[in-house]
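[1] Test case, fold it:
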Amino acid sequence: MAKPATIQIKLESTAGTGYYYITKKNPRNITEKMTMRKYDPVARKHVEFKEGKIK
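    Numbers count the residues shown, from 1 in each chain. Presented below is the predicted three-dimensional model:
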C-alpha cells in the first residue's frame with residue numbers, strides 16, 4: 001500500500017497561550033513550514049499560528 005499524501009500537523013499559537021489547531025498538509029506541495037493567521041480564543045484575538053509536530 002502507498003503512503004498517504006497528507007500528514008497531520010499542529011498549528012501552535014505564537015501568543016504563548018498553549019492553544020493549537022490540528023490540520024493536514026501535503027508535504028510534496030508545501031515544503032516549508034506553514035504559518036496561518038487564525039483566531040486564538042484564549043487571547044481573544046487573531047494571532048499567527050506556526051507549524052509544529054504532533055507528539
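
[2] what's the first-to-last distance across stretch 3-11?
    End-to-end distance for stretch 3-11, by CA to CA, to the nearest Å: 23 Å.

[3] May I see the buried residues of that stretch?
    The neighbour-count check on stretch 3-11 (16 or more other CB atoms under 10 Å) flags I9, L11 as buried. For every residue, glycine as well, the C-beta is placed using N, CA and C.

[4] I would like the residues contacting it, please.
    20-28, 34, 36, 38, 49-54 (CB atoms under 8 Å, 6 or more residues apart in numbering).

[5] In strands, which of those residues appear?
    Using DSSP state E, the members of these that fall in strands are Y20, Y21, I22, T23, K24, K25, M36, K38, F49, K50, E51, G52.

[6] farthest pair in those residues?
    The largest separation in these, counting by CB to CB, is between K24 and K50 at 16.1 Å.

[7] still on that earlier bit, any quick ChimeraX command for the buried ones out of the contacts of stretch 3-11?
    The buried subset of the contacts of stretch 3-11, as determined by 16+ other CB under 10 Å, is captured in ChimeraX by this line:
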select :20,25,49,51
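
[8] Would you mind naming the helix or strand containing the most centrally placed residue in the chain?
    What sits nearest the mean C-alpha location of the chain, by CA atoms, centre = their mean, is L11, with 2.2 Å. Element membership of L11, judged by DSSP states H and E, is strand 7-13.

[9] now the angle between strand 20-25 and that strand, please.
    Inter-element angle recorded for strand 7-13 and strand 20-25: 150 degrees (by axes from the mean of the first three to the mean of the last three CA atoms, to 10 degrees).

[10] could you give the mean pLDDT of strand 7-13?
    When pLDDT is averaged along strand 7-13, the result is 96.

[11] Return the list of strands paired to that strand, each annotated with direction.
    Taking DSSP bridges as the criterion, strand 7-13 forms sheet pairs with strand 20-25 (antiparallel), strand 45-52 (antiparallel).

[12] Many thanks, I have nothing further to ask.
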